[in-house]
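sharing a model prediction with you, sequence too.
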Amino acid sequence: MPALGKRQITNMETELKRFAMNKFSEQSDDGDITFDREGLNKFVENLCELVISSTAPKARQRREPRNDDPNRVKKPLPASLAWGQAKRVEIIQEHFNGESCGHAWKKKASELWKKLSDDERMPWLTKYAEAKALYDESRPESATPRTPRTPWEFDTDQSVDDITVPEDWTGPHKASFCRQMAAGRQRGAGVFETFAQAVKAAEELGSLCGGITRTTRGFELRYSGSPEEHPEGSKEGYQVSWAKKDFVPAARTKKPRKKKSESDSDSDGQQSPAVAASEPVKKAKKAEKPVVQENSFDADTDEGEPAGGDDSDDSDDSDDEDVSVTPWEHKGHTYLVDESTNEVYDIHSQEEIGKRTKKDNGKWKLIKSGK
């Protein structure tokens, strides 16, 4: 509820007093009822104060700074930002002709910082590390305790030629990789610190692991046992792989995919009329219960005549006769109709349900069997 202004409070107090006085006056005219006018005024004033206190905005508590000492050690800027601040005037003068450029110079400073060599960055990085150490020492109470991480002693500088390879393994295959992770990327399960640990885990997995690939994360177990070479100049060219000899991978089962969405079928499993109407025109056999079969007919044949022309005459002696049917919309429902005989079939069960006739006004009428 928004806070009330002084004028609103005054008007509210006046109206409350007037309303109370009128009510008591009406009751006193009907009988001998007396009331204390001063008590009434006091009651209205207390009521107004209660409304005012409930609608008054709560005073925001200002958060006092933790340390307002002007001589405190301030948090240092990162090395890249400190370098950019020091070179700000020079960057604006050289790349923006000394004109005002807003914050564009910061973006340019970031680009120039990335192009600096390690020797050029080193003084700024050293200066930041020293300032950050002093800052952390000045406020030990704010240090957030972190959960100690499991030590990871993966040696990225180890030469692959110094690694002892078992006799039933091939490698090292430099600038190559084996496809698909065999046991995920979790340390100690699918990624290991040493090659010996990875080989032991690979042997335990058997036909589910055919190779090992060394990346920047460690020795990773891979499903494939056929190392593939990286293209020349690839950024992953540092990877090295080992593979089991005569490895035969185990077949991996995949979850079957749904061929069609649930919206394409009704709740009872039958195909919806919208989907059935969008399919190609089907054919039905005239027997005790005509069934619509999937057969395409020639677009050049006459309407109502089966594809194949004179070949259809050979089936006159047969008990079954092929007829063409097309979807027919009638009063919000979709049916299948033989336009040559106007026989109507149910689109789901494909059973004959009746015939259609044309009324005098040119509209169709469905006459169901048994009526």
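Right, received. Where do you want to start? Numbers count the residues shown, from 1 in each chain.

CA only for contacts and neighbour counts going forward, please
OK.

which residue ranges of the stretch 101-250 of the chain form strands?
169-174, 176-177, 191-192, 211-214, 219-222, 228-229, 240-244 (DSSP state E, counting those that start in this stretch).

can you redo the ones you listed as a markdown table with mean pLDDT and distance to residue 328?
Listed next are these as a markdown table, based on pLDDT from 0 to 100; distance: least, Cα to Cα, whole Å:
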| stretch | mean pLDDT | distance to residue 328 |
| --- | --- | --- |
| strand 169-174 | 90 | 66 |
| strand 176-177 | 92 | 59 |
| strand 191-192 | 92 | 63 |
| strand 211-214 | 93 | 61 |
| strand 219-222 | 93 | 57 |
| strand 228-229 | 90 | 58 |
| strand 240-244 | 92 | 63 |
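
how about CSV for those, with distance to residue 364 added?
Shown next, in CSV, are the strands of the stretch 101-250 of the chain (distance: least, Cα to Cα, whole Å):
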stretch, distance to residue 364
strand 169-174, 77
strand 176-177, 70
strand 191-192, 73
strand 211-214, 71
strand 219-222, 68
strand 228-229, 68
strand 240-244, 74
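
what about those, which gets the closest to residue 125?
Taking Cα to Cα, strand 211-214 is the member of the strands of the stretch 101-250 of the chain nearest to residue 125, at 30.8 Å.

got the CA coordinates for that closest one in CSV?
Output of strand 211-214 as CSV, limited to C-alpha atoms (Å, rounded to 0.1, in the frame of the first residue of the first chain):
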residue,chain,number,x,y,z
GLY,A,211,42.3,-47.1,-26.8
ILE,A,212,43.8,-44.3,-24.8
THR,A,213,44.2,-40.7,-25.9
ARG,A,214,46.4,-38.2,-24.0
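
in its sheet, what does it sit against?
Paired with strand 211-214 in the same sheet, following DSSP bridges, are strand 219-222 (antiparallel), strand 240-244 (antiparallel).

can you name the residues in contact with the last one?
Spelled out, it's strand 240-244. 160, 168-178, 210-215, 225-227 (Cα atoms under 8 Å, 6 or more residues apart in numbering).

would you write a ChimeraX line that selects the buried entries of these?
A single ChimeraX command selects the buried members of the contacts of strand 240-244 (16 or more other Cα atoms under 10 Å):
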select :160,169,170,171,172,173,174,175,176,177,178,210,211,212,213,214,215,225,226,227
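
ok, and which of the strands paired with strand 211-214 has the densest surroundings?
For those, the largest average neighbour count (mean count of other Cα atoms under 10 Å) is found in strand 219-222, namely a mean of 30.

tell me where the stretch 1-150 of the chain has helices.
With helices called from DSSP state H, counting those that start in this stretch, the stretch 1-150 of the chain shows them at 6-30, 37-55, 79-86, 88-95, 104-115, 118-138.

would you turn those into CSV with mean neighbour count, mean pLDDT and distance to residue 156?
CSV is the format used below for these (neighbours: other Cα atoms under 10 Å; pLDDT from 0 to 100; distance: least, Cα to Cα, whole Å):
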stretch, mean neighbour count, mean pLDDT, distance to residue 156
helix 6-30, 12, 69, 75
helix 37-55, 14, 71, 66
helix 79-86, 16, 91, 27
helix 88-95, 14, 90, 38
helix 104-115, 14, 90, 24
helix 118-138, 14, 90, 20
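
indicate which one of those is closest to residue 356.
Short answer: helix 37-55, nearest of the helices of the stretch 1-150 of the chain by Cα to Cα, at 74.0 Å.

which one of the strands paired with strand 211-214 lies nearest to residue 340?
Here strand 219-222 is closest among those (Cα to Cα), at 65.0 Å.

contacting residues around that closest one?
Contacts for strand 219-222 (Cα under 8 Å, 6+ apart): 178-183, 185, 190-195, 198, 202, 209-214.

let's see it as PDB, backbone CA atoms only.
Only the C-alpha atoms of strand 219-222 are listed here, as PDB (Å, rounded to 0.1, in the frame of the first residue of the first chain):
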ATOM      1  CA  PHE A 219      45.000 -40.000 -20.300                       C
ATOM      2  CA  GLU A 220      41.400 -40.600 -21.400                       C
ATOM      3  CA  LEU A 221      39.800 -44.000 -22.000                       C
ATOM      4  CA  ARG A 222      38.300 -44.200 -25.500                       C
END
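
for the residue lying closest to residue 45 once chain neighbours are set aside, what are its contacts?
Nearest in space to residue 45, with sequence neighbours left out and distances taken as Cα to Cα, 6 or more residues apart in numbering, is residue 13 at 7.0 Å. In this structure, residue 13 makes contact with 44, 45, 48, judged by Cα under 8 Å, 6+ apart.

ditto for residue 357
Counted by Cα under 8 Å, 6+ apart, residue 357 has contacts 342, 364, 365, 366, 367.

the second one reaches residue 356, doesn't it?
Right, the one you point to is residue 364. Yes: using Cα atoms under 8 Å, residue 364 is in contact with residue 356, at 6.3 Å.

higher neighbour count, the two?
Neighbour totals were compared for residue 364 and residue 356, and residue 356 leads with 18 against 12 (other Cα atoms under 10 Å).

for the more buried one, which three-state class applies?
strand (DSSP: H, G, I helix; E, B strand; the rest coil).

once you drop chain neighbours, what's closest to it?
Distance criterion Cα to Cα, 6+ apart; nearest residue to residue 356, sequence neighbours excluded, is residue 366 at 4.4 Å.

for residue 346, see how far away the one you found is.
Residue 366 sits 12 Å away from residue 346, going by Cα to Cα, to the nearest Å.

likewise residue 139?
For residue 139, the distance to residue 346 equals 82 Å [Cα to Cα].
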